[in-house]
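> Sequence below, structure please.
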Amino acid sequence: MKARNLAHIYYEWDGDVLVLNILGTPSAKRDVIGKPKGNQLKVSVKAQPVAGKATDYMVLFLAKEFEVNASAIEVVYGRMSIHKQLRIKSPKKLPHGIEFE
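Predicted structure coming up:
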């Protein structure tokens, strides 16, 4: 059995909760879920980084992408930073391009 390199894993499951490490990019041209970069998933949003509003906007964007209510997404840390960890309770859908082993 091959050992997995955990340094490049940007997610984990905690029961029915998906824990995501995010590298956020505010002030982007469009809202998009990008590719993993190291142990983070790149997520770009159009919102400006003012007083955590880009993170709030990102939560709303990801709620649509994972088909959950925004209240099902908890920002564990990073509300005022590009480095974030989110907990998404019972995602109904995995967005296109995201694959979990």
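> for this structure, what spans make up the helices?
53-66 (DSSP state H).
> Mean confidence (pLDDT) on stretch 92-101, please.
For stretch 92-101, mean pLDDT rounds to 73.
> Setting aside sequence neighbours, what's the nearest residue to residue 68?
Nearest non-adjacent residue to residue 68, counting by Cβ to Cβ, 6 or more residues apart in numbering: residue 91, 5.8 Å away. For glycine as for every other residue, the C-beta is placed from the backbone atoms N, C-alpha and C.
> Which residue ranges of the chain form strands?
11-14, 17-25, 32-37, 40-44, 73-77, 83-89 (DSSP state E).
> what comes up buried for the second one?
Judged by neighbour count using 16 or more other Cβ atoms under 10 Å, the buried positions of strand 17-25 are 18, 20-25.
> Likewise for stretch 80-89?
82, 84, 86, 88-89.
> so where's this structure uncertain?
Residue ranges of the chain with pLDDT under 70: 1-8, 97-101.
> And for residue 46, the neighbour number?
14 (other Cβ atoms under 10 Å).
> ok, what's across the strand from the nearest residue to residue 72 once chain neighbours are set aside?
Excluding its sequence neighbours, the residue lying closest to residue 72 (Cβ to Cβ, 6+ apart) is residue 89, at 4.3 Å. Beta-bridge pairing of residue 89 under DSSP bridges involves residue 17.
> Tabulate the buried residues of stretch 80-89 (TSV), appending distance to residue 45.
Shown next, in TSV, are the buried residues of stretch 80-89 (distance: Cβ to Cβ, whole Å):
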residue	distance to residue 45
82	11
84	12
86	13
88	16
89	21
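> Quick check: the farthest pair among those residues?
82 and 89 (23.4 Å; Cβ to Cβ).
> So residue 31 is in contact with residue 54, correct?
No. Using Cβ atoms under 8 Å, residue 31 makes no contact with residue 54, being 10.8 Å away.
> if I look at the residue nearest to residue 72, how far off is residue 63?
To residue 63, residue 89 is 11 Å away according to Cβ to Cβ, to the nearest Å.
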